[in-house]
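In: no sequence on this one, just coordinates:
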């Protein structure tokens, strides 16, 4: 990925997070985190990945559809670019995936601990 795209991703991430901070319905969305932005090479679109607690992305997505025009308009105003990519919101499931992997590792450790507990009179394979 080019340095220019990286800078644009960073700018969009920062500005969208700030726009959401000031415009979001705090009553329904306590904590919305913009985790990353991926902009197309031709700068036509940008996927804004957001993370929300308690599986509330569906509600956020519905809210964002109704407010996307205003968010995009504010982003266009804030960024000093000839062409500002059209944004869309995507659920970031990285946290869920990491949690799942950590659970798998915990299970493996637990199984290994059970397997390493050798009763008296047996070897490590569990045989006498």
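Out: Arrived safely, thanks for sending. Quantities reported herein were computed from a predicted structural model and do not represent experimental measurements. Residues are numbered from 1 along each chain as shown.

In: do you know how far the spatially most central residue of the chain is from residue 35?
Out: Closest to where the C-alpha atoms of the chain average out (C-alpha atoms, centre = their mean) is residue 92, at 2.9 Å. The gap separating residue 92 from residue 35 is 4 Å, by C-beta to C-beta, to the nearest Å. Yep, even glycine has a C-beta here, placed from its N, CA and C like the rest.

In: Likewise for residue 115?
Out: Counting by C-beta to C-beta - residue 115 and residue 35 are separated by 38 Å.

In: before we move on, what about residue 85?
Out: Applying C-beta to C-beta, the value for residue 85 to residue 35 is 17 Å.

In: Those two: who's more crowded?
Out: Higher neighbour count among residue 85 and residue 35: residue 85, with 25 against 15, using other C-beta atoms under 10 Å.

In: Not counting sequence-adjacent ones, nearest residue to the more buried one?
Out: residue 46 (3.9 Å; C-beta to C-beta, 6 or more residues apart in numbering).

In: what's the answer for residue 10, then?
Out: Using C-beta to C-beta, 6+ apart, the closest residue to residue 10 is residue 37 (7.7 Å).

In: quick one: that neighbour is in a strand?
Out: Yes - when DSSP: H, G, I helix; E, B strand; the rest coil is applied, residue 37 is found to be in a strand.

In: list the contacts for it?
Out: 9, 10, 12, 13, 16, 46, 47, 48, 49 (C-beta atoms under 8 Å, 6 or more residues apart in numbering).

In: what are the bridge partners for it, then?
Out: Under DSSP bridges, the beta-bridge partners of residue 37 are residue 48.

In: and it, how far is that from residue 50?
Out: Residue 37 is 10 Å from residue 50, where distance means C-beta to C-beta.
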